[in-house]
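Student: Here is my input, please return the structure:
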Amino acid sequence: MTHPTLTQSRGVEFTRIYSYGAARGDVSVPNEDLIGPIDSSDEWIRQRTGIITRTRASAEVSAVDLATEAGREAIEASGIRPDQIDLVIAATISNVRQTPSMAAVVADNLGANPAAAYDSNAACAGFSYAITQADALIRSGAAHYALVIGAEKLSDVVDPTDRSISFLLGDGAGAAVVGPSDFPGIAAPVWGSDGSRAGAVTMNSTLVEYRDGKAEWPTLRQEGQTVFRWAVWEMAKVAKQALEAAGVTSDQLAAFIPHQANMRIIDEFAKQLKLPESVVIARDIETTGNTSAASIPLATHRLLKEHPELSGGLALQIGFGAGLVFGAQVIVLP
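Tutor: Numbering: from 1, shown residues only. Predicted coordinates for the structure are as follows:
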């Protein structure tokens, strides 16, 4: 049987990130505000995580609000009109509605309607995953300009008495505009998952159990030591593989932007990658906390504000978290 010849789209050869936008929660929550319910101390939290304070959003501020604010700044800084954005990807684990997607609502809020829009759940690797998708979809011709957002209101899924993860988490959104480039601005990803360790970072119950009165509102939990060991040993290998995939060495980097999970993990990464002192390391966790999918773009936004000389340099970004999932790639900073 002969088939008619289908037309398949073809896009551009290269893409790059044009700009970043950011929105942090409007309330600063110091360690002292959280230590009572977990019977802890400011010193214990600082030593274990490097966090002094974290940003959280007021009750009336939603993850969609944060995503819209970050997306608006990214678009304004990109030189692209909102109506030129034809793809919006929102990486999130904290959209309180199963449907519609956060991305579709944000696209409309920003004037990008009728862009293709969907949410992506890859937890703390979500932004890296979404950058990989935007790059591939633009190069295939399925999109021309993409808005990639990592947005979380993790305070909605926190149990104040939980000692495993609650004190780590903050709220915020970071966004980036991705589009055509005359040079390669986003390297090949190293990404993957290990679902055999799904219990290492997870919700403690399901919405069905909550509905049936068999459980409290579902909140995040983690096996701290399991996650720490996995991040330090396995993710350092992934970071090295991402450098190899990009064809660069650590001394060619301008910046290293890991998921802001824990300062001890970040320090261990720097050691294992043998990063020279010239490489600026993002340490946004100190005052923002762990914002899951928002953490890498928020950290990048702050880094570029504080170090504008990094513009045009290479940055290695790596996200890792619940799934367990991971994603890493080298990018050219806008």
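
Student: Quick check on the residue nearest the centre of the chain: phi, psi?
Tutor: Of all residues in the chain, the one closest to the mean position by C-alpha atoms, centre = their mean is Ala293, 2.9 Å from it. Ala293 has phi and psi values of phi -60, psi -20 when expressed as degrees, to the nearest 10.

Student: mind listing what it touches?
Tutor: Residues near Ala293 by C-beta atoms under 8 Å, 6 or more residues apart in numbering: Ala91, Thr92, Ile93, Ala122, Ala123, Cys124, Gly126, Phe127, Gly150, Ala151, Glu152, Gly319. For glycine as for every other residue, the C-beta is placed from the backbone atoms N, C-alpha and C.

Student: 7 Å instead?
Tutor: Ala293 is in contact with Ala91, Thr92, Ile93, Ala123, Cys124, Gly126, Phe127, Gly150, Ala151, Glu152, counting by C-beta atoms under 7 Å, 6 or more residues apart in numbering.

Student: now swap in Leu137 and tell me
Tutor: Contacts of Leu137 (C-beta under 7 Å, 6+ apart): Leu87, Ala143, Ala146.

Student: Neighbours of the second one, how many?
Tutor: Pointing back at Ala143 there. 24 (other C-beta atoms under 10 Å).

Student: Tell me the one of the contacts of Ala293 nearest Thr99?
Tutor: Thr92 (13.0 Å; C-beta to C-beta).

Student: ok, now which ones touch that closest one?
Tutor: Thr92 is in contact with Ala63, Met102, Asp119, Asn121, Gly126, Ala151, Glu152, Ala293, counting by C-beta under 7 Å, 6+ apart.

Student: Just the ones of the residues you listed in strands?
Tutor: In strands, defined here by DSSP state E, the members of the contacts of Thr92 are Asp119, Ala151, Glu152.

Student: Please name the residues that touch the second one.
Tutor: The reference is to Ala151. Ala63, Leu66, Ala67, Ala70, Ala90, Thr92, Met102, Ala173, Ala293, Ala294.

Student: Among the residues you listed, which one lies nearest to Leu6?
Tutor: Of all those, Leu6 sits closest to Ala90, with 30.5 Å by C-beta to C-beta.

Student: Got phi/psi on that closest one?
Tutor: Dihedral angles for Ala90 - degrees, to the nearest 10 - are phi -110, psi 120.

Student: same deal with Thr2?
Tutor: Phi and psi for Thr2, reported as degrees, to the nearest 10, are phi -90, psi 140.

Student: so what pLDDT did it get?
Tutor: Looking at Thr2, its pLDDT is 81.

Student: mind listing the strands for this protein?
Tutor: Per DSSP E, the chain carries strands over the ranges 14-24, 27-30, 53-56, 87-91, 116-120, 146-153, 171-181, 190-193, 201-203, 220-222, 255-258, 280-281, 314-321, 325-332.

Student: which one of those lies closest to Ser164?
Tutor: Closest approach to Ser164 among the strands of the chain is made by strand 220-222 (4.9 Å; C-beta to C-beta).

Student: Kindly spell out which helices and strands sit in contact with the closest one.
Tutor: When contacts are defined as 3 or more C-beta pairs under 7 Å, 6 or more residues apart in numbering; DSSP states H and E, strand 220-222 sits against strand 201-203.

Student: Give me the distance from the strand it packs on to the chain's centre.
Tutor: Put simply, strand 201-203 sits 17 Å off its chain's centre (C-alpha atoms, centre = their mean, to the nearest Å).

Student: can you list contacts of that strand?
Tutor: With C-beta under 7 Å, 6+ apart as the test, strand 201-203 has contacts from Pro218, Thr219, Leu220, Arg221, Gln222, Val227, Gly321, Ala322.

Student: Reformat the strands of the chain as a markdown table; add mean pLDDT.
Tutor: Formatted as a markdown table, the strands of the chain follow (pLDDT from 0 to 100):
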| stretch | mean pLDDT |
| --- | --- |
| strand 14-24 | 98 |
| strand 27-30 | 94 |
| strand 53-56 | 96 |
| strand 87-91 | 98 |
| strand 116-120 | 98 |
| strand 146-153 | 98 |
| strand 171-181 | 98 |
| strand 190-193 | 98 |
| strand 201-203 | 92 |
| strand 220-222 | 91 |
| strand 255-258 | 98 |
| strand 280-281 | 98 |
| strand 314-321 | 97 |
| strand 325-332 | 98 |
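
Student: Just say which of those is most tucked in.
Tutor: Stretch with highest mean neighbour count among those: strand 146-153 (a mean of 32; mean count of other C-beta atoms under 10 Å).

Student: Next, count neighbours for the nearest residue to Glu32 once chain neighbours are set aside.
Tutor: Spatial nearest neighbour of Glu32, chain neighbours left out: Asp42 (5.8 Å); criterion: C-beta to C-beta, 6 or more residues apart in numbering. Neighbour count for Asp42, taken as other C-beta under 10 Å: 14.

Student: got the contact list for Asp42?
Tutor: With contacts defined as C-beta under 7 Å, 6+ apart, Asp42 is in contact with Asn31, Glu32, Ile35.

Student: cool, and Pro276?
Tutor: Shown in contact with Pro276 (C-beta under 7 Å, 6+ apart): Asp251.
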